[in-house]
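J.: Here is a sequence together with a model predicted from it:
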Amino acid sequence: MEANMTTPHDGEDEEEYVLLDLDAVSNIVNIPPNAKYILTGLDTSNPVLIIDDKLKLIGEYEETIGTCIAFTEQDNPVVHEESGPSDANLFSATRIIDSNQPPTKEVKPLCQLHKVLKFKVSPDSEIQSATTKDAK
């Protein structure tokens, strides 16, 4: 997950991207890919992430060490470009999409990150209560 924080700076909006790290939580609970969530308190030292109105997570910021870059990925169809004239080439300087080939992935840099927001399960979360009862 990724959060985009916008803060005013001399009349201009300055964007800051933050990586939401859910590794510590993913071992405890399965979070569906399209789960509803509410992220609050990005301007505090411990933001809160509530997933599906039942799982409450508490975050803590960590500065990145070195360069941390986020990428975006998209499917691109395989394209053949006809470049020169020939007897067999009736469509010179045209692009033909090859529907027999699976699309290729194109990865582009999206932004540079300076902060990672690591989350852990809140003690008052429903999932924390359920795992504590199971352990007893």
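T.: Received, thanks. Numbering: from 1, shown residues only.
J.: Could you use CA atoms for every contact and neighbour count after this?
T.: Noted.
J.: Quick check: which ranges of the protein have low pLDDT?
T.: Counting by pLDDT under 70, the chain shows low-confidence ranges at 1-12, 78-99, 126-136.
J.: What are the buried residues along the longest strand along the chain?
T.: Using DSSP state E to define each element, the chain has its longest strand at strand 55-76. Buried residues in strand 55-76, counting neighbours by 16 or more other Cα atoms under 10 Å, are found at 55-61.
J.: and which of these is nearest to Val18?
T.: Tyr61 (9.0 Å; Cα to Cα).
J.: Residues in a beta bridge with that closest one, which ones?
T.: Counting by DSSP bridges, Tyr61 forms beta bridges with Leu117.
J.: shouldn't it be in contact with Leu117?
T.: Yes - shown here, Tyr61 and Leu117 form a contact pair, counting by Cα atoms under 8 Å, at 4.5 Å.
J.: angle of whichever strand or helix holds Lys108 against strand 55-76?
T.: According to DSSP states H and E, Lys108 maps onto strand 104-121. Using axes from the mean of the first three to the mean of the last three Cα atoms, to 10 degrees, the direction of strand 104-121 lies 170 degrees away from that of strand 55-76.
J.: contacting residues around strand 104-121?
T.: Strand 104-121 has contacts (Cα atoms under 8 Å, 6 or more residues apart in numbering) with 16-25, 55-64, 67-78, 127-128.
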